[in-house]
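>>> model the following, please.
(4 chains)
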There are 2 protein chains.
Amino acid sequence: MHPKKQLPSGDSLNTRERILNSAEVLFAEHGFERASLRALTTAAQVNLAAVHYHFGSKAALISAVFERRLAPLNAERLGELDALEKAARGRPLTPAGIIEAFFGPVLRMSMDQGSGGHRFIRLLGRAHAESRPAIRELLESAYVEVVERFRAALYRALPQMPEKELAWRMHFMLGAMSYVIAGTDAVQLIASYEVRKSEHPESVMKRIVPFLVAGLTAPLPDAGAAKTRRIEPHIRSRGEPRSARGAERRIERKAA
Amino acid sequence: MHPKKQLPSGDSLNTRERILNSAEVLFAEHGFERASLRALTTAAQVNLAAVHYHFGSKAALISAVFERRLAPLNAERLGELDALEKAARGRPLTPAGIIEAFFGPVLRMSMDQGSGGHRFIRLLGRAHAESRPAIRELLESAYVEVVERFRAALYRALPQMPEKELAWRMHFMLGAMSYVIAGTDAVQLIASYEVRKSEHPESVMKRIVPFLVAGLTAPLPDAGAAKTRRIEPHIRSRGEPRSARGAERRIERKAA
DNA sequence: AAGGAATTCAAACAGCCGTTTGAATCATAC
DNA sequence: GTATGATTCAAACGGCTGTTTGAATTCCTT
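Residues are numbered from 1 along each chain as shown, chains lettered A, B, ... in the order given. Model prediction:
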């Protein structure tokens, strides 16, 4: 039953990848449940049993689809963060830089029509809304390292912000992004769908990064009127690079 | 076959509502596909065929679940917006006020454990990530009026912001919110899950409103260095009510 | 109390699902 | 060329799905 491949002999790798590609397409389009193995293998022009031969089960196939893409994606994220930290030589990074390092690779992948990265990104957005423990655990284990690195970087970049508040704001940011990349667009806010689809990811990036940076660095909510400390006014300097604007610290960390 | 009810005779309304309640629970917990009518009717302690007798089909049941809750929810949203506009006497509203009018009812409903509103909110978050045309159309028709009203209000409140940019930012806001209310939390950002679950919706509100207001009123991205106009500095006055702070206009509308 | 509609019920329907099987085919190593 | 293992294939398995049926029951009106 479904032996370990000893020699990836020629064509076998092709059917494996054909299955992965079709799975990516159909999972993204119809969801994990409603995309059946029969529809999937028909689209891939392989036999139905090939899925179980190469992957063992539908659940394992789902995992394989994610692993194929998530590993290089997260590696790219960490690479960009490494580059930023190396350039900063020990000083804290700007929130905008960190956000771009985190979401940039996703948005860039989402425009990669050639190798089908954009399909995976839609699938990723769908997975974020999934409740099945298997998929949740899969995402979590894929994200744990990268989230921890980025949280640490943001924590350094925003010395005034309490840990808990930062966690919530990262949560909000992930939500805004995953909703956009899911492309479900439950509520048709953009009048012309054609306009929407033709948006380049870079322009989405230009739109969402300032939004997220502003939210991330927003004044803290009052824990209570009595406890409130005055918040330093936000002073904007002109002529900075776009990505850095609005990223100044205007946050206070709650006293421990 | 499944006649129009002429007299909602006593118990029949009870089985209808028992079905709706169980459907809400199981749809929210497992999704629309994976929650079967058999599991659903068993939980409701009604006969399997009762679903088709009272609703006609599973799809119609899904619609009924949404309609029961969405109508009052949107009515509340519009009511709050009406109240704000009445109090403003023709002047534009604050972004913070508009945001609170839109998301407040949702968050309040999400803490309504008694009548099960919180279950529906989780279901609503799930529906936002759904791709099936039937559900998309259902959400869209339920939202079209309320979104248009709120978009108009925001457009007035942010006279400098291009229509397109505003649509995108509403998109981001909806994303952040639907991710939070879905409660899926694909990436476990908050260290202690206990802490997370014990958060009161009001405190979530206190956290997310400043985030959204800041994002909504963030400086516009440069369309290109040459086209850039100077952005008015953001001046914060002290002592305002919390919800209004950070809501000042610091946006420019792109020249037509 | 009787009649008729409204509702419930157990049972079955057809169809799709993921999975398994065992033989047929293919590629490679001897 | 033959043996050996990897891969493909058609077919079937059991199980679950939404839906339908037709009789049994309950409810309300007259």
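>>> DNA strand C contacts on the stretch 151-256 of chain A?
Taking C-beta under 7 Å from any atom of the strand, no part of the stretch 151-256 of chain A reaches DNA strand C. From N, CA and C alone the C-beta is placed, and that goes for glycine too.
>>> ok, which residues in the stretch 1-150 of chain A are in contact with chain B?
A:29-31, A:33-34, A:125-131, A:136, A:139-140, A:143, A:147 (C-beta under 8 Å from any C-beta of the partner chain).
>>> please redo it, this time with the cut-off set to 7 Å
Residues of the stretch 1-150 of chain A lying near chain B by C-beta under 7 Å from any C-beta of the partner chain: A:30-31, A:33-34, A:126-131, A:136, A:139-140, A:143, A:147.
>>> out of the residues you listed, who has the most neighbours?
When neighbours are counted by other C-beta atoms under 10 Å in any protein chain shown, residue A:127 leads the residues of the stretch 1-150 of chain A next to chain B with 28 neighbours.
>>> mind telling me what element that residue is part of?
helix A:117-128 (DSSP states H and E).
>>> check the offset of that helix from the chain's centre.
Averaging C-alpha positions (C-alpha atoms, centre = their mean, to the nearest Å) puts helix A:117-128 9 Å from its chain's average.
>>> in helices only, show me the residues of the stretch 1-150 of chain A next to chain B.
A:30-31, A:33-34, A:126-128, A:136, A:139-140, A:143, A:147 (DSSP state H).
>>> which of these sit farthest apart?
Farthest pair in those (C-beta to C-beta) is A:34 and A:147. Separation: 29.6 Å.
>>> which stretches in the stretch 101-250 of chain A count as helices?
A:117-128, A:133-157, A:163-182, A:193-198, A:201-216 (DSSP state H, counting those that start in this stretch).
>>> nearest to chain B: which residue in the stretch 1-150 of chain A?
residue A:129 (3.1 Å; C-beta to the nearest C-beta).
>>> ok, that residue touching residue B:123?
No. Using C-beta atoms under 7 Å, residue A:129 is not in contact with residue B:123, being 11.9 Å away.
>>> with adjacent residues omitted, what lies nearest to whichever residue of the stretch 101-250 of chain A sits closest to DNA strand C?
The minimum distance from the stretch 101-250 of chain A to DNA strand C, using C-beta to the nearest atom of the strand, falls at residue A:134 (11.1 Å). Nearest residue to residue A:134, sequence neighbours excluded (C-beta to C-beta, 6 or more residues apart in numbering or on different chains): residue A:59, at 5.8 Å.
>>> residue A:65 versus that neighbour, what's the distance?
11 Å (C-beta to C-beta, to the nearest Å).
>>> got it, and residue A:90?
In terms of C-beta to C-beta, residue A:90 sits 39 Å off from residue A:65.
>>> who has more neighbours, the two?
residue A:65 (24 against 6).
>>> isn't that one up against residue A:19?
No. If you go by C-beta under 7 Å, residue A:65 and residue A:19 don't touch, sitting 9.1 Å apart.
>>> what is the neighbour count of residue A:86?
9.
>>> please apply the same query to the one 10 residues further on.
Taking other C-beta under 10 Å as the neighbour definition, residue A:96 ends up with a count of 25.
>>> could you report the pLDDT at it?
Looking at residue A:96, its pLDDT stands at 93.
>>> ok, residue A:252 next?
49.
>>> what's the answer for residue A:41, then?
In this model, residue A:41 carries a pLDDT of 97.
>>> now it: phi and psi?
phi -70, psi -30 (degrees, to the nearest 10).
>>> what count of nearby residues applies to the residue of the stretch 101-250 of chain A closest to DNA strand C?
Residues within reach of residue A:134, counting by other C-beta under 10 Å, total 13.
>>> that one against residue A:60, yeah?
No. Counting by C-beta under 7 Å, residue A:134 sits too far from residue A:60 to count as a contact (9.8 Å).
>>> rewinding a little: out of the helices of the stretch 101-250 of chain A, nearest to residue B:175?
Comparing the helices of the stretch 101-250 of chain A by C-beta to C-beta, helix A:163-182 comes nearest, at 2.6 Å.
>>> centre of the chain to the closest one, how far?
That offset, for helix A:163-182, works out to 10 Å (C-alpha atoms, centre = their mean).
>>> equivalent analysis for stretch A:99-115, please.
With C-alpha atoms, centre = their mean, you get 9 Å for stretch A:99-115.
>>> average pLDDT across it?
For stretch A:99-115, the mean confidence score works out to 85.
>>> got the CA positions of that stretch in CSV?
Only the C-alpha atoms of stretch A:99-115 are listed here, as CSV (Å, rounded to 0.1, in the frame of the first residue of the first chain):
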residue,chain,number,x,y,z
ILE,A,99,4.6,44.7,7.2
GLU,A,100,6.0,44.7,3.7
ALA,A,101,8.3,41.8,4.5
PHE,A,102,5.4,39.8,5.7
PHE,A,103,2.7,40.6,3.2
GLY,A,104,4.9,41.4,0.2
PRO,A,105,5.7,37.8,-0.7
VAL,A,106,2.1,36.9,-0.5
LEU,A,107,1.0,39.7,-2.8
ARG,A,108,3.8,39.0,-5.2
MET,A,109,2.9,35.3,-5.3
SER,A,110,-0.7,36.3,-5.9
MET,A,111,0.3,37.9,-9.2
ASP,A,112,2.4,34.9,-10.3
GLN,A,113,-0.1,33.7,-12.9
GLY,A,114,2.5,31.6,-14.7
SER,A,115,3.3,29.0,-12.1
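>>> what sits up against that stretch?
Residues outside stretch A:99-115 that contact it (C-beta atoms under 7 Å, 6 or more residues apart in numbering or on different chains) are A:73, A:76-77, A:80-81, A:84, A:117-118, A:121, A:150, A:177, A:181, A:200-201, A:204-205, A:209, A:212-213, A:243.
>>> buried members of those into ChimeraX, please.
Only the buried entries of the contacts of stretch A:99-115 go into this ChimeraX selection, using 16 or more other C-beta atoms under 10 Å in any protein chain shown:
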select /A:73,76,77,80,81,84,117,118,121,150,177,181,201,204,205,209,212,213,243
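>>> quick one: the residue of the stretch 51-200 of chain A found nearest DNA strand D from DNA strand C, how far?
Minimum separation of the stretch 51-200 of chain A from DNA strand D (C-beta to the nearest atom of the strand) falls at residue A:53, amounting to 4.0 Å. Applying C-beta to the nearest atom of the strand, to the nearest Å, the value for residue A:53 to DNA strand C is 7 Å.
>>> where's that residue, which helix or strand?
helix A:50-54.
>>> just give the number of residues close to residue A:74.
For residue A:74, using other C-beta under 10 Å, the count is 17.
>>> can you tell me the closest non-neighbouring residue to it?
Per C-beta to C-beta, 6+ apart, closest to residue A:74 is residue A:146, 4.7 Å.
>>> that neighbour: neighbour count?
Neighbours around residue A:146, by other C-beta under 10 Å: 18.
>>> now do the contacts for it.
Taking C-beta under 7 Å, 6+ apart, we find residue A:146 in contact with A:74, A:77-78.
>>> now do residue A:95
Counted by C-beta under 7 Å, 6+ apart, residue A:95 has contacts A:154, A:157-158, A:213, A:216-217, A:247.
>>> ChimeraX command to pick out the buried ones of those residues?
The ChimeraX command for the buried members of these (criterion: 16+ other C-beta under 10 Å) is given here:
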select /A:154,157,158,213,216,217,247
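>>> between the longest helix along chain A and helix A:117-128, how big is the angle?
In chain A, taking DSSP H as the definition, the longest helix is helix A:58-88. Calculated by axes from the mean of the first three to the mean of the last three C-alpha atoms, to 10 degrees, helix A:58-88 forms an angle of 110 degrees with helix A:117-128.
>>> what mean pLDDT does helix A:58-88 have?
On average, helix A:58-88 scores 96.
>>> how far away from the center of its chain is it?
Computed by C-alpha atoms, centre = their mean, the separation of helix A:58-88 from the middle of its chain amounts to 10 Å.
>>> just checking, residue A:207 touches residue B:168?
Yes. In this structure, residue A:207 is within contact of residue B:168 by C-beta under 7 Å, at 5.0 Å.
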